[in-house]
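Visitor: I would like the atomic coordinates for the input below:
(chains A and B)
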Amino acid sequence: MSDTLNHSNALLDVRDLSISVEDAEILHHVDLSVDAGQCLVLMGPNGAGKTTLGHAIMGDVAYTRDGGTITFDGEDLTDLSADKRALAGIFLSYQAPVEIPGVPLYSFLRTICQKRPELKMSARQFRQRVRELAAELDMDQSYLTRELNVGFSGGEKKKVEMLQLLLLQPKLAILDETDSGLDVDALTIVSKGIETYRRECKGALIIITHNTRILERVEVDRVAVMVDGRIVEHGGPSLITDIDERGFEAYEARSSEEA
Amino acid sequence: MSEPSAPKRRSEVADVDRSLYDFVKSEEGYERFDDGLSEEIVREISAKKDEPKWMLDLRLRSLEIYERTPMPANWGPSIEGLDMAHISTYVTSGADQATSWEDVPDDIKDTFERLGIPEAERTSLAGVGAQYDSELVYHNMREEVAELGVVYSGIEEALHDGWENVIREHFMKLVPPTDHKFAALHGAVWSGGSFVYVPAGVTLPYPLQSYFRLNAAGAGQFEHTLIIVEPGADLHFIEGCSAPKYNVANLHAGCVELFVGKGARLRYSTIENWSKNMYNLNTKRARVEEDGAIEWVSGSFGSHVSYLYPSSLLMGARSSCEFTGITFAGAGQDLDTGCKVHLAAPDTRASVATKSISKGGGVSTFRSSVVVAPKAERAKVSVSCQSLMLDDESRSDTIPAMDVRSASAQVGHEATIGRISDDTIAYLMSRGISEDEARTMVVNGFAEPISKELPLEYAVEMNNLIKLEMEGAIG
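Guide: Take a look at the predicted model:
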């Protein structure tokens, strides 16, 4: 099966990746690839290792690589730090974005933009762009002068993640449970943000979720199911309906047989 | 929907020229008194300044107190490395005090230009005093400020300029030579500093700034700052200080005395960046009358050892003190800083908020002393201290003392000690920020409540200092 899923022209190509956290192996020999502009949904029950995979692709040092490689856009990223991977075009939207006291959101956005020569714009253009995006995400402009994520509600934090996604226009966005803890209105706005990203940036997506609601508005190309640190199933969008109706039990049973 | 404000420059960190503070100018042709302390040296300093007899008497009495007072023992960091026998108490270029930068000797002018003083003067200050080693080399104030009756000069000049009685009435009255050994030393050999008088009801449109540069190796700087803000007046005074690094001990034992009149307000801001061979044993004190307010903003970055506890005596009803401070102790630094507040009248208020950062084995100790006297009915005090330790070899301590003798007083204290979480660094790195930059960003953010109290140029300087410290580049 992996032959059809790993091919050298892929934007992201993860091969045989094993990851441990604090000496416990969480991911076991994971293979995963995503083509440019493609939308992959990574599903699985809580604790399956989905977030670990997202952070490992990003290069978070809390996740130790025991083996395997990560190739992105033709470049071997395996030994690169997270900031270099980010500049190469990977973005990870956090499930629980971190609060940074004393750092105003606006100047933070300016700083991360200035790290990317391809996004060079004048202070005025930048200001204009940020205001447009904030309006599109239905964010009060007053948030821009507030400290990064400090005291923001769950929904507001996710909007700040979407704002960064749309500003940075990465080639690949990994959205880790972006839908968790959102009310219907916030979910609609975040879904709109995802649509905008795909339409305007033509970016690839890995959507990590255990809930299919956010997928109602997104055009999905492929689905992968993860259980106990392994990818146990690959398929098309029809898998989503299947999981919606039957849950993960069948996959979990299969995983324990294999293990 | 409100408009977003312009990008805040203070949260960005510009590139820093590492030679910004650490450069040495030749002392050739300078007059330098012998190392150590003697009656002869004290008389010589006094004679140079052609000062009134009462001042000489004060110096001699201070010397006597100095000699009979033992070195502080069992107090904070050790000052064993400080040997007064190897400190010259008076060094001067011999240049006359100028009122135009054109008249300042080139070497010295270059020093202050590199520190950005003339530029700040042109753009955002009402007056500047610049001291180089023991003497002021430049002093000037905008004409429109002088016309308001504001006096800003060296103390020596003011003594000869009709202010002798006022100075005599205030000089070393808040910090008497008996206060401690280094106050006595200061009384004996003080030189340079500033005298500021703001008449009743006058508000200065811009701050005044004095900058103290100690260029000479193995020398002491003992400037005296005396500020009188009359009732209803308002002043922001900024002091800055720096020195190049030497491998011998230097000493700073300055003294600051602030008199805040009824309903007056004085903001006293300091950015201190002494080199790491400096013993900074400085004494600052303010007396505040009814409805008056003292606001301290204090950034301590430099020195090998500091003892620094600005104190506020709230003598009048409804007077208040706000203290906002940050201390950054890097490798080889042991900084004992904090503040004292004495609330002696009804409805007085004190609010103390400090931050300390330690890194590379640096030790930072926050020490506060709050005394609420029985008369201070309904007094309100809040003390908060947050510490950030950047590694496992550094140390941070908090030593708050509270002596509350008024039953109706409300007193609160909180202290937290933390580290930068790995999660925070990972998050910032996932946005394309390098690990080092991420740490600097978090530390700058931690310091933001203090830097926002400073005028923009100084906030930028403070962020630059943090950046230098994070890189470990200041020698």
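Visitor: CA atoms for contacts and neighbours, from now on please.
Guide: Noted.
Visitor: and the most centrally placed residue in chain A, what does it touch?
Guide: Centrality entry for chain A: nearest residue to the mean C-alpha point is residue A:174, 1.4 Å, by C-alpha atoms, centre = their mean. For residue A:174, the contacting residues are A:54, A:90, A:91, A:92, A:93, A:205, A:206, A:207, A:208, taking C-alpha atoms under 8 Å, 6 or more residues apart in numbering or on different chains as the criterion.
Visitor: ok, 7 Å please
Guide: With contacts defined as C-alpha atoms under 7 Å, 6 or more residues apart in numbering or on different chains, the neighbours of residue A:174 are A:54, A:91, A:92, A:93, A:205, A:206, A:207.
Visitor: what helix or strand is the closest residue to the fourth one other than its chain neighbours on?
Guide: In this case it means residue A:93. Ranked by C-alpha to C-alpha, 6 or more residues apart in numbering or on different chains and with sequence neighbours excluded, the top spatial neighbour of residue A:93 is residue A:175, at 4.8 Å. Residue A:175 belongs to strand A:172-176 when elements are defined using DSSP states H and E.
Visitor: average pLDDT for that strand?
Guide: Across strand A:172-176, the average pLDDT comes to 96.
Visitor: what does stretch A:243-252 give?
Guide: In this model, stretch A:243-252 carries a mean pLDDT of 86.
Visitor: now swap in stretch B:365-377 and tell me
Guide: Per-residue pLDDT values across stretch B:365-377 average out to 97.
Visitor: same deal with stretch A:52-70?
Guide: On average, the pLDDT along stretch A:52-70 is 97.
Visitor: Between the two ends of that stretch, how far is it?
Guide: Distances were taken as C-alpha to C-alpha, to the nearest Å; on that basis the terminal residues of stretch A:52-70 are 14 Å apart.
Visitor: How about that stretch and chain B, touching?
Guide: Yes - if you take C-alpha under 7 Å from any C-alpha of the partner chain as the test, stretch A:52-70 does meet chain B, through A:58, A:60.
Visitor: contact partners of that stretch?
Guide: Identification of contacts with stretch A:52-70 by C-alpha under 7 Å, 6+ apart yields A:13-21, A:76-78, A:81-82, A:85, A:90, A:92, A:174, B:426, B:430.
Visitor: from the middle of its chain, how far away would it be?
Guide: 14 Å (C-alpha atoms, centre = their mean, to the nearest Å).
Visitor: part of a strand, is residue A:121?
Guide: No - secondary structure of residue A:121, determined by DSSP: H, G, I helix; E, B strand; the rest coil: coil, with no strand assignment.
Visitor: In contact with it, which residues?
Guide: Residues in contact with residue A:121, defined by C-alpha under 7 Å, 6+ apart, are absent; none qualify.
Visitor: ok, now residue B:399?
Guide: Neighbour list for residue B:399: B:366, B:367, B:368 [criterion: C-alpha under 7 Å, 6+ apart].
Visitor: if we go to 6 Å?
Guide: By C-alpha atoms under 6 Å, 6 or more residues apart in numbering or on different chains, the residues touching residue B:399 are B:366, B:367.
Visitor: what number of residues lie near the residue nearest to residue A:93?
Guide: Number of residues near residue A:175 (other C-alpha atoms under 10 Å in any protein chain shown) recorded here: 26.
Visitor: next one: residue A:250
Guide: So residue A:250, with other C-alpha under 10 Å, has 10 neighbours.
Visitor: quick one: secondary structure of it?
Guide: Put simply, residue A:250 is helix when judged by three-state DSSP.
Visitor: for the one 4 residues further on, same thing?
Guide: Taken by three-state DSSP, the conformation at residue A:254 corresponds to helix.
Visitor: Same question for residue B:290.
Guide: With three-state DSSP as the basis, the three-state label of residue B:290 is coil.
Visitor: Identify the residues contacting it.
Guide: With contact taken as C-alpha under 6 Å, 6+ apart, residue B:290 is in contact with B:262, B:316, B:317, B:318, B:319.
Visitor: cutoff 7 Å now
Guide: The neighbourhood of residue B:290, defined by C-alpha under 7 Å, 6+ apart, consists of B:262, B:263, B:316, B:317, B:318, B:319.
Visitor: The first one belongs to a strand, doesn't it?
Guide: Right, the one you point to is residue B:262. No - counting by three-state DSSP, residue B:262 is not part of a strand but coil.
Visitor: Pretty sure it sits against residue B:289.
Guide: Yes - using C-alpha atoms under 7 Å, residue B:262 is in contact with residue B:289, at 4.9 Å.
Visitor: and residue B:172, what are its phi and psi?
Guide: With angles defined as degrees, to the nearest 10, residue B:172 shows backbone torsions of phi 60, psi 30.
Visitor: quick revisit: format the contacts of residue A:174 as CSV; extra columns: secondary structure and neighbour count.
Guide: As requested, the contacts of residue A:174 are exported to CSV (DSSP: H, G, I helix; E, B strand; the rest coil; neighbours: other C-alpha atoms under 10 Å in any protein chain shown):
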residue, secondary structure, neighbour count
A:54, helix, 23
A:91, strand, 28
A:92, strand, 22
A:93, strand, 24
A:205, strand, 27
A:206, strand, 22
A:207, strand, 27
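Visitor: The residue nearest to residue A:93 touches residue A:208, doesn't it?
Guide: Yes - look at residue A:175 against residue A:208 with C-alpha under 7 Å: they come within range, at 5.9 Å.
Visitor: Buried only: go through the contacts of stretch A:52-70 for me.
Guide: Under a neighbour-count criterion of 16 or more other C-alpha atoms under 10 Å in any protein chain shown, the subset of the contacts of stretch A:52-70 counted as buried comprises A:13-20, A:77-78, A:81-82, A:85, A:90, A:92, A:174, B:426, B:430.
Visitor: Those residues in strands, which ones?
Guide: If you go by DSSP state E, the buried ones among the contacts of stretch A:52-70 have A:13, A:14, A:15, A:16, A:17, A:18, A:19, A:20, A:90, A:92, A:174 in strands.
Visitor: Please identify the helix or strand for the closest residue to the first one other than its chain neighbours.
Guide: Right, the one you point to is residue A:13. Using C-alpha to C-alpha, 6+ apart and skipping the chain neighbours, the partner closest in space to residue A:13 is residue A:33 (4.4 Å). Using DSSP H and E, the element containing residue A:33 is strand A:24-34.
Visitor: Give the other helices and strands that the next helix or strand after that strand contacts.
Guide: Scanning forward in sequence from strand A:24-34, with DSSP H and E defining helices and strands, the next element found is strand A:39-43. Contact partners of strand A:39-43 among helices and strands, from 3 or more C-alpha pairs under 7 Å, 6 or more residues apart in numbering or on different chains; DSSP states H and E: strand A:204-209, strand A:222-227.
Visitor: tell me which residues in strand A:39-43 are buried?
Guide: Of the residues in strand A:39-43, those buried by neighbour count under the rule 16+ other C-alpha under 10 Å are A:39, A:40, A:41, A:42, A:43.
Visitor: Given the strand holding residue A:175, what are its sheet partners and their directions?
Guide: Pairing partners of strand A:172-176, with direction, according to DSSP bridges: strand A:90-93 (parallel), strand A:204-209 (parallel).
Visitor: Pull out the CA atoms of the shortest one and give them to me as CSV.
Guide: So that's strand A:90-93. Listed next in CSV are the C-alpha coordinates belonging to strand A:90-93 (Å, rounded to 0.1, in the frame of the first residue of the first chain):
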residue,chain,number,x,y,z
ILE,A,90,5.8,24.5,6.9
PHE,A,91,3.3,25.9,9.4
LEU,A,92,1.9,24.2,12.4
SER,A,93,-1.3,25.6,13.9
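Visitor: quick one: average pLDDT of whichever helix or strand comes after that strand?
Guide: Sequence order places helix A:105-114 as the next helix or strand after strand A:90-93, per DSSP H and E. Averaging the model's pLDDT scores along helix A:105-114 yields 96.
Visitor: Report all helices and strands that helix A:105-114 contacts.
Guide: With contacts defined as 3+ C-alpha pairs under 7 Å, 6+ apart, helix A:105-114 has no helix or strand neighbours.
Visitor: Give me the contact list for whichever helix or strand comes after that helix.
Guide: Heading C-terminal from helix A:105-114, the first helix or strand you meet, by DSSP H and E, is helix A:123-136. Around helix A:123-136, the neighbours that count as contacts under C-alpha under 7 Å, 6+ apart are A:141, A:163.
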